[in-house]
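Undergrad: below: sequence and its predicted model.
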Amino acid sequence: MKNYVIGLDYGTDSVRAVLVDTGSGEELATDTFYYPQWRDKKYCDAAINQFRQHPADHIEGLEKTIKGVLAKTNIDGSAVKGICIDTTGSSPIAVTKEGTPLAFEEGFKENPNVMMVLWKDHTAINEANEINELARTWGGEDFTKYEGGIYSSEWFWAKIAHVIREDEAVKNAVYSWMEHCDLMTFMLIENQDLASFKRSRCAAGHKAMWHESWGGLPPKDFLNQLDPYLGELRDRLYTETYTSDEVAGNLSAAWAEKLGLSTDCVIAVGTFDAHSGAVGAKIDKHTLVRVMGTSTCDIIVSEQENVGDKTVRGICGQVDGSVIPKMIGLEAGQSAFGDVLAWFKDVLNWPLENLVFNSTIISEEQKAKLRDEIDKDFIKKLSEAAEEIPLSESIPIALDWINGRRTPDANQELKSAITKLSLGSKAPHIFKALINAICFGSKQIVDRFEEEGVKINSVIGIGGVARKSPFIMQTLANVLNMPIKVASSDEAPALGAAVYAAVAAGLYPNVIEASKKLGSDFEAEYHPEPEALDTYASLMEEYKELGAFVENNINRKSTVNEL
């Protein structure tokens, strides 16, 4: 009898399931569900960088996508031996003592503060600054040192501190908090004991300052200085964490009946999408895997003896086992990548939305058709026009900090900027400047790793941007001056989750062996163009100069305000 596993990948806009034959490694079926409340921008306020998601969207998506891949293949549900879930992060959510999202409780059902605080939510900048200041001055261990030495407003403790200070009712009602990947895993298993539940090593190590050397999470005397609530919360969280090749529990009877699966199906410990994507792309030593979507996450693995006690400055953490058990996983990334281009598209679309689509000049049917055409060709046409601009022609210089900077050296207060605009700067020129900016931001990350002694020999790109935009990938190869391979699977994170599920189910001895068999092949490779290298190196210096100017100006204003 054949065996199968399912990987579930929760992205920013949708959840995707992939059903994999563990013998052949074939992806038999995929299914996607777009979050309806997120699509309607409920609980979000982009003006204050508030981005929240209702857990009901994620639960509905779990059921529909798993049923979807089973329906497409007609396999016997009892042959599905394992499931693993990866999600964005840090995306914490308030829960009751039973582990139920507070968003389902009376009195809180429409409260944004009990929704999942999505990774891109930057409302906790002040709280992150407090954590960083305390970590540097309190006189004890620096609990941020394994997270690059800078704690981000995108992460666990800062977000919780912000919510409970803003909303007394939530503070009084919530029992504990769970990362998205932990919540979805917990909901599926039979044993509904929150205290003994196996939390994700990946989530805890990269986002919650968890480390074995100081006994898990930061101690209460440190957390109490931030807010007494955080010290109390620590007792209701966890001490141990687990890698995703381990079993969190068996599928519950209720979910087995609902999904058409068996209670013999194991549920692996949850993880984050970028780390799972690296496994799905067959990550190896000295290889940088770039998960390229709305933002980017950059993942490297290294042997423990190579890293030792050395900490890499300004990244998003180095965690034992966060990617491959018994290896150190190192994470970096950009707060906006595809989002930079999406922003520009929205800017250019404004006249259409307000002058055409709101008018009665054309029918609703014509409007729908026009929208489809725009969505299909917008980036493609701009890319073609930008690619035709000669390297010798002057183009603007832009920064990619449209949603702050994740790495190197997290600073979510930073803003984007564009310089060298002229009357000759048309939409393709600005678009090319933005493409350059996201690639220059990538170069800054690679340079930081190499400055810190982390060797990079090759780059793998995964995700929608990597597969759909040869122009971006060629520009990136030129800027990095490195060859870049592109994974052929559209679902590398879900595929990586399936790898973890296969190991947890006992179908493979370890993650490396499973990844070799089940991981994605590669469909393209981009090589640096020698004739373009000097031009991009020169533009990179201008990018650095603009970045230094903007950052110094923001720092100067902050100092004046403090005085």
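TA: Cool, got the structure. Numbering: from 1, shown residues only.

Undergrad: my guess is residue 329 is in a helix, correct?
TA: No - going by DSSP: H, G, I helix; E, B strand; the rest coil, the assignment for residue 329 is strand, not a helix.

Undergrad: any idea of the pLDDT on it?
TA: If you check residue 329, the pLDDT there is 95.

Undergrad: and what of residue 3?
TA: On the pLDDT scale, residue 3 gets 97.

Undergrad: same question, residue 391
TA: 89.

Undergrad: what of residue 563?
TA: 43.

Undergrad: before we move on, what about residue 374?
TA: The model's pLDDT for residue 374 equals 83.

Undergrad: residues contacting it?
TA: 349, 352 (Cβ atoms under 8 Å, 6 or more residues apart in numbering). Heads up, the C-betas are built off the backbone N, CA and C, glycines and all.

Undergrad: give me the phi and psi for it.
TA: phi -60, psi -50 (degrees, to the nearest 10).

Undergrad: any idea how far it lies from residue 32?
TA: Per Cβ to Cβ, to the nearest Å, residue 374 is found 21 Å from residue 32.

Undergrad: now residue 126
TA: When residue 126 is compared with residue 32 (using Cβ to Cβ), they lie 37 Å apart.

Undergrad: name the nearest residue to residue 333, ignoring sequence neighbours.
TA: residue 297 (4.1 Å; Cβ to Cβ, 6 or more residues apart in numbering).

Undergrad: pull the distance from the host helix or strand of that neighbour to the chain's centre.
TA: In the assignment (DSSP states H and E), residue 297 maps to strand 296-303. Offset of strand 296-303 from its chain centre (Cα atoms, centre = their mean, to the nearest Å): 13 Å.

Undergrad: and that strand, what does it pack against?
TA: In terms of contacts (3 or more Cβ pairs under 8 Å, 6 or more residues apart in numbering; DSSP states H and E), strand 296-303 is packed against helix 273-280, strand 287-292, strand 327-334, helix 427-451.

Undergrad: show me what the last one is packed up against.
TA: In terms of contacts (3+ Cβ pairs under 8 Å, 6+ apart), helix 427-451 is packed against strand 287-292, strand 296-303, strand 327-334, helix 338-351, helix 364-387, strand 397-398, helix 470-480, helix 533-562.

Undergrad: hang on, the earlier thing: ranking the helices and strands packed on strand 296-303 by burial, who's on top?
TA: helix 273-280 (a mean of 33; mean count of other Cβ atoms under 10 Å).

Undergrad: hang on, the earlier thing: counting neighbours, go ahead and name the busier of residue 126 and residue 32.
TA: residue 32 (18 against 13; other Cβ atoms under 10 Å).

Undergrad: what pairs with the helix or strand where that one lies, parallel or antiparallel?
TA: Residue 32 is part of strand 27-34 when elements are defined by DSSP H and E. In the sheet, strand 27-34 lines up against strand 14-21 (antiparallel) (DSSP bridges).

Undergrad: tell me how far the partner strand lies from the chain's centre.
TA: 17 Å.

Undergrad: any idea of the mean pLDDT for it?
TA: 97.

Undergrad: need the helices and strands packed on strand 296-303 in JSON lines (columns: distance to residue 545).
TA: Shown next, in JSON lines, are the helices and strands packed on strand 296-303 (distance: least, Cβ to Cβ, whole Å):
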{"stretch": "helix 273-280", "distance to residue 545": "30"}
{"stretch": "strand 287-292", "distance to residue 545": "25"}
{"stretch": "strand 327-334", "distance to residue 545": "19"}
{"stretch": "helix 427-451", "distance to residue 545": "11"}
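
Undergrad: of all these, which one is nearest residue 389?
TA: Among the helices and strands packed on strand 296-303, helix 427-451 comes nearest to residue 389, with 5.8 Å by Cβ to Cβ.

Undergrad: distance from the closest one to the middle of the chain?
TA: 19 Å.

Undergrad: next structured bit after it?
TA: Toward the C-terminus from helix 427-451 - assigned by DSSP H and E - lies strand 458-462.

Undergrad: against which helices or strands is whatever helix or strand comes next after that next one packed?
TA: Following strand 458-462 in sequence order, the next helix or strand is helix 464-468 (DSSP H and E). Helix 464-468 sits against strand 287-292, strand 484-487, with contacts defined as 3+ Cβ pairs under 8 Å, 6+ apart.

Undergrad: next one: the closest residue to residue 440 other than its chain neighbours from residue 119, what distance?
TA: Counting by Cβ to Cβ, 6+ apart, residue 440 lies nearest to residue 543, which is 4.2 Å off, once chain neighbours are set aside. Look at residue 543 and residue 119: by Cβ to Cβ, they are 25 Å apart.
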